[in-house]
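Undergrad: need a 3D model of the following:
(2 chains)
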2 protein chains.
Amino acid sequence: MPNCYSFLLAFSLLAQAAIAQPDPRPLLGFTPARAATEYALESRFDAQLKADDLRQWMKRLAAHPHHVGSPYDKDNAEYMAGLFKSWGYDTRIDVSYVLFPTPKLRALELLAPTPYTASLTEKPVPEDATSGQTAEQLPTYNCFSKDGDVTAELVFVNYGIPRDYEELARRGIDVKGKIVIAKYGGSWRGIKPKVAAEMGAIGCLIYSDPKDDGYAQGDVYPLGPFKPETGAQRGSVLDMPTYPGDPLTPGYGSTKNAKRLDYRKAPTIAQIPVLPISYGDALPLLRALAGPMAPEAWRGALPIPYHLGPGPAKVHLQLAFNWKTEPVYNVIATLKGRELPDEWILRGNHHDAWVNGANDPLSGLVAELAEAQAIGELVKTGWRPRRTIMFCAWDGEEPGLLGSTEWAETNAAALQQHVVAYLNTDNSDRGFLSAAGSHALEKFFNQVARDVPDPEKGMSIAERRRALDLVSGTPEAQREARDRADLRLGALGAGSDYSPYIQHLGIPSLNVGFGGEAAGGEYHSIYDSFDDFVRFKDPTFAYGVALAQTMGRTSLRLAEADVLPFEFQGFANNVAKYGSEVKTLAETMRTDTDKQNKLLAEHRYEAVANPSQPLLPPKAQEAVPYLNFAPLDNALAKVEQSAQAYAQARKAGAALPADRQKALDQLLYQAEQQLLSTEGLPRRPWYRHQLYAPGFYTGYGVKTLPGIREAVEERKWAEADEQIKRTAAALERFAGQVSRAAALAGPAPAQ
Amino acid sequence: MPNCYSFLLAFSLLAQAAIAQPDPRPLLGFTPARAATEYALESRFDAQLKADDLRQWMKRLAAHPHHVGSPYDKDNAEYMAGLFKSWGYDTRIDVSYVLFPTPKLRALELLAPTPYTASLTEKPVPEDATSGQTAEQLPTYNCFSKDGDVTAELVFVNYGIPRDYEELARRGIDVKGKIVIAKYGGSWRGIKPKVAAEMGAIGCLIYSDPKDDGYAQGDVYPLGPFKPETGAQRGSVLDMPTYPGDPLTPGYGSTKNAKRLDYRKAPTIAQIPVLPISYGDALPLLRALAGPMAPEAWRGALPIPYHLGPGPAKVHLQLAFNWKTEPVYNVIATLKGRELPDEWILRGNHHDAWVNGANDPLSGLVAELAEAQAIGELVKTGWRPRRTIMFCAWDGEEPGLLGSTEWAETNAAALQQHVVAYLNTDNSDRGFLSAAGSHALEKFFNQVARDVPDPEKGMSIAERRRALDLVSGTPEAQREARDRADLRLGALGAGSDYSPYIQHLGIPSLNVGFGGEAAGGEYHSIYDSFDDFVRFKDPTFAYGVALAQTMGRTSLRLAEADVLPFEFQGFANNVAKYGSEVKTLAETMRTDTDKQNKLLAEHRYEAVANPSQPLLPPKAQEAVPYLNFAPLDNALAKVEQSAQAYAQARKAGAALPADRQKALDQLLYQAEQQLLSTEGLPRRPWYRHQLYAPGFYTGYGVKTLPGIREAVEERKWAEADEQIKRTAAALERFAGQVSRAAALAGPAPAQ
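TA: So this is what the prediction gives:
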């Protein structure tokens, strides 16, 4: 299958060559002649990609559970190091030593009104060959929960995010001294115990409601891909929005002898015991709740009325962990550049999993291996990249980006000096391109997506993605899909290994995958297996090959370009959009606050309240002041001007001599570092990027212009004013760097 | 309780009188002096209302099942006739003879893959005294289903409305020769077998999904008010959007010897067998379906993946009915007017039920009885209304507005000659005022709602309703709740006995109730009982008394006014709004059609389709032409001018002599008849009103400007043009009548 598509592409290139016209597909950073060479190279690259290789690697790597500290985790690292070496890479395994707690004791009982002991056990299925490897599997748990032994009434808190507690308060419900039960979803899981603890709860259960990824979505495993009754989602609850990586070594590498915090004082470890459970175990607990009905939007697909409690359900939760330090094995394979060996393209995917991890992370990792092998084959023909390419397979991503973060912190100075871009993948299945990253790479990446065919439809992956936006996007997305030349790159939040590179070090980053056609309930369970993957996810590995084609092109073009293919007008357009969003946010909050305060003053909430279902009025809020957005607007104007200047310079400029190319490259890839602030974001200095951060109260989900946006959301007006200035300063530094690049790139345009 | 509120109101009147200022609450149609008399009268009226009377009447009337043809149905009619007589009314029981099929045989089996025989039986509960009256209860069935014995594969069709079949077609599913299973909701139930038959299905099941009124909404009966596992919703599937009333006597009274159609040829009887079932019986059937997953919005709260089928579930449905003619007993109690006996105020509520019918219909009926009793008490003190008041208790509403329609058809000429307004109630529980009706009564009814206190909050029922719109209305409703003096009356669709009066005879009508705080799943089941009502609906009967206060004021003011309190500026405003809506509808359809046709031409739907879950593109549609709305706009302008002229005339005019008052009254209450067209609506001539009709494909739900709106919705462009002209002509006739009223009411305003 994939060879067929490679052929189609090659054929189309040949057809174009035959009619001897200028290539209609210009490549940013390449002269037309060198673009033709690059296309020929990519065609040879594609020819090396074989779906069956991906299949065999996945089968091998997923054959046993391979979490941090397991024998197979190390075995996989050594196996991959062997592959990289065999393909001609200078390969090493870098080891860090990280805290990795595993369960010693897990007990959950419903004490009243009807006793029930939770099974906390996922049931193996005969149709899945690895699901019965019980002795090797980590039990279901939330890594970095606190130890605890608590007994209390239960309260259902929906997704357990701050606004859910506002709804509970309106119903007179306080979780102080209670155990909460939250649904998975609505935020990254680690937010749930964090907010629950802030609200005074003493324990937290997180369950997967069948509405979200169980029978309400389709047939359950193994008949279909959705979560069966005993399935539970493992996962970290480390407070990654504060800082990821080893909780004991904040901001520096966890080398063997590094100074470490006492784990009982580490600020990113959950403050209360927290445990994930299946919907089979959740049902008796939720059924035993009384009290008001949950708001309609909170209710799931279990066949019960969803009451809020508190009680009469009374729950006993006991958790104890082995607080061990474990080695994590990062595999680093380097192919030195022929002309610019000090400019590094970093390509990474993690290799550790919660259990067998076929989809998460191996679906992305096998694409990376395919890219490395194909490039290795090209090298064997005498070719070598202009710049250095490094393939990384991270360990310890699941517990909290441990491997990648510690490696980034350990090697921070060299990375900021040399890395052109960090290119990440993780789980990826089938369907539509999804790409997020530094906006200065937007136009470049659109050219990559223009040139990769979709395995199912033949058209480019960019066109297929555009069709999705046209057919089912928001009205705004539909409009842009018609009018905007480039697909927007999403902004990067958290959730995979790019986080330390972009948000801590300011290294331009991309994260890419395919999805939308293979939803399931296997995530972080024993059912994320090779058998599940080839049945439901990407059975032919055609999208695995498409991912390798995409990321391979991305690496090769970055490695081969005359001048690095950064472009800033798209960047300016995106950041201006974020600026509009935060202004609109403040305006909407002002209108809504005024409206609500008026309704409160008029006692309208009391007027509509149903006496038999009490609902207190919402809390009055301070009116939203007008904020001074002028510094941001002025900075955005400068970014736009500098971007124009750079575009004109590149258009006008002749081919540059090698030394100017090199100097220009450095200005370009280090522009992103200008967006870091020394202080970092309020209350989380590890996050230094002023444009992108995971939400402090949402987790994975990105907040763009996070300093400003979160200050507004949390109604910290003085902080908002300060963050507007700090963000504006970062953008001004960025504009300055781009202006310098423009000056270096060609004759300055007439002013 | 209610006496307390009466007292408050009386007290406020006294307080106002004490400070000797003009009454700040003017009454439309009354001089200030007569308004004061009217207020005093209403205060005496209120004092007669006793919650305990309502409770005792409900208990008595709900003590046994009292459907059409049952002994207790007749017994109730005679009991009420006795009450009316005892209160001084000239009372008679008018009998019509109507077709009323009851089940002879009901059988439903799942034949494959796993046999299951449906119980089709609601389970009595010990906590409900009448639920065990099994021998007297009608079994669960859909009245006016066809006889049938069919076996076929099953298909799940969501709500079974036309756009659901478009979704099925996109998934390659055809219901020809199949049995469909639809959820209750999304339309009036009779639409489901009608559309299913049009699509070629041979049988139809309708079940109550627990998401809509079962455990997903709250605790089930008797712990809470929601539908238990065996509960099923009886109900008519007569094609009432074509014509209501006896299916054998379309458009004329079903007197003893009237000419009747053969029931096998009656056009309003369902064309395929149809049966309502409980979710307990639906679960095994739905669980046995395979095929594509139902679209997300279709899925209910049963603990299964909702597949569409067809099959492998194979179903056998057998139904046979006794096609008997039964008498229906309309109780008519008349209190002749002292000055204008030929102007009749008609107040009605039905008395028949599907089973015990405490909420439906007795909650509204006991309010009507309270009004009649209170007015009877006033008469005993020597007072008598200026105009005639008639209290009606209709029989046979449940099977298809049989009693009210046949009575209206039998007495059509007299009713069009004499009836000032028809005032309807039906089921009513607790919470917020809900009122719909002829818009010329909007300002009048707002004054009524201004003067009735809400039992829970003390403020007026109008203010409480306004608060609801402010707190949780749509953005438009919120804006209007701030800016518009009057609450809008809703428009009347179908669903209760006002239908023949307004839509067939053009008699100004109102329908009023309270709701929003006492949802449940008892509707048309054995659980709609006295025990259920006093537990969950209106335990103190405070809202029953509020309803009597509301409808009593409405009757008394209409009976006592100097000049009937019609007002046309609000009317003009509402109809102009409907005009804007249909124009926007056509414009939105044009834009959407163009957009979809463009996506089709570009093959975007194919581009996004998931090969493993086939989804065909939607059908291409003819582009929407520009329609000539000018006749409508011109007519609306005339309505607005005439309304202004009438308002100025009434403002300017001195008190009128009696003969001019009488002539003016008649112009006013017969203005609504100008809105009838001779031809009626396309394909349903019984519906003659050009402003209001139940939707041909929605049932209960009103369609305003129905001729135009449905032609546009169904893309019948020539018909739309014709209906614009016909509706415009009706509005021009109306404007002419209002102009004549203006001329009669006072000196013509300067043109």
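
Undergrad: A:Arg234: what's it in contact with?
TA: Listed by Cβ atoms under 8 Å, 6 or more residues apart in numbering or on different chains, the contact set of A:Arg234 reads A:138, A:140-143, A:276, A:354-355, A:398, A:524-525. Heads up, the C-betas are built off the backbone N, CA and C, glycines and all.

Undergrad: next one: phi and psi at the most centrally placed residue in chain A?
TA: In chain A, the centroid-proximal residue (Cα atoms, centre = their mean) is A:Gly495; its distance is 3.4 Å. Dihedral angles of A:Gly495 (phi, psi; degrees, to the nearest 10) stand at phi 120, psi -10.

Undergrad: show me the contacts for the closest residue to it other than its chain neighbours.
TA: Spatial nearest neighbour of A:Gly495, chain neighbours left out: A:Tyr700 (4.2 Å); criterion: Cβ to Cβ, 6 or more residues apart in numbering or on different chains. For A:Tyr700, the contacting residues are A:187-188, A:493-495, A:694, by Cβ under 8 Å, 6+ apart.

Undergrad: distance of A:Tyr700 from A:Pro694?
TA: Applying Cβ to Cβ, to the nearest Å, the value for A:Tyr700 to A:Pro694 is 6 Å.

Undergrad: re earlier: between the contacts of A:Tyr700, which sits nearest A:Leu365?
TA: Taking Cβ to Cβ as the measure, A:Gly495 is the one of the contacts of A:Tyr700 closest to A:Leu365, at 16.0 Å.

Undergrad: so that closest one makes contact with A:Ser187?
TA: No: using Cβ atoms under 8 Å as the test, A:Gly495 is too far from A:Ser187 to be in contact (11.8 Å).

Undergrad: now do the contacts for the residue nearest to the centre of chain A.
TA: A:188, A:426, A:694, A:699-700.

Undergrad: follow-up on the earlier one: overlap of the contact sets of A:Gly495 and A:Ser187?
TA: A:699-700.

Undergrad: is it possible to mark the buried ones in the contacts of A:Tyr700?
TA: The neighbour count (16 or more other Cβ atoms under 10 Å in any protein chain shown) marks A:187-188, A:493-495, A:694 as buried among the contacts of A:Tyr700.

Undergrad: from those, which land in strands?
TA: Among the buried ones among the contacts of A:Tyr700, the residues falling in strands (DSSP state E) are A:Pro694.

Undergrad: name the SS class of the closest residue to chain B within the stretch 201-350 of chain A, please.
TA: The stretch 201-350 of chain A approaches chain B most closely through A:Pro303 (4.5 Å), counting by Cβ to the nearest Cβ. For A:Pro303, the assignment made with DSSP: H, G, I helix; E, B strand; the rest coil gives coil.

Undergrad: show me what from the stretch 351-500 of chain A comes close to chain B.
TA: A:431-432, A:456-457, A:459, A:463-464, A:467-468, A:470-472 (Cβ under 8 Å from any Cβ of the partner chain).

Undergrad: now list the buried members of those residues.
TA: For these, buried by 16+ other Cβ under 10 Å: A:431-432, A:456-457, A:459, A:463-464, A:467-468, A:470-471.

Undergrad: turn those residues into TSV, columns for distance to B:Ala742.
TA: Formatted as TSV, those follow (distance: Cβ to Cβ, whole Å):
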residue	distance to B:Ala742
A:Gly431	67
A:Phe432	64
A:Glu456	70
A:Lys457	68
A:Met459	67
A:Glu463	65
A:Arg464	65
A:Ala467	60
A:Leu468	60
A:Leu470	55
A:Val471	55
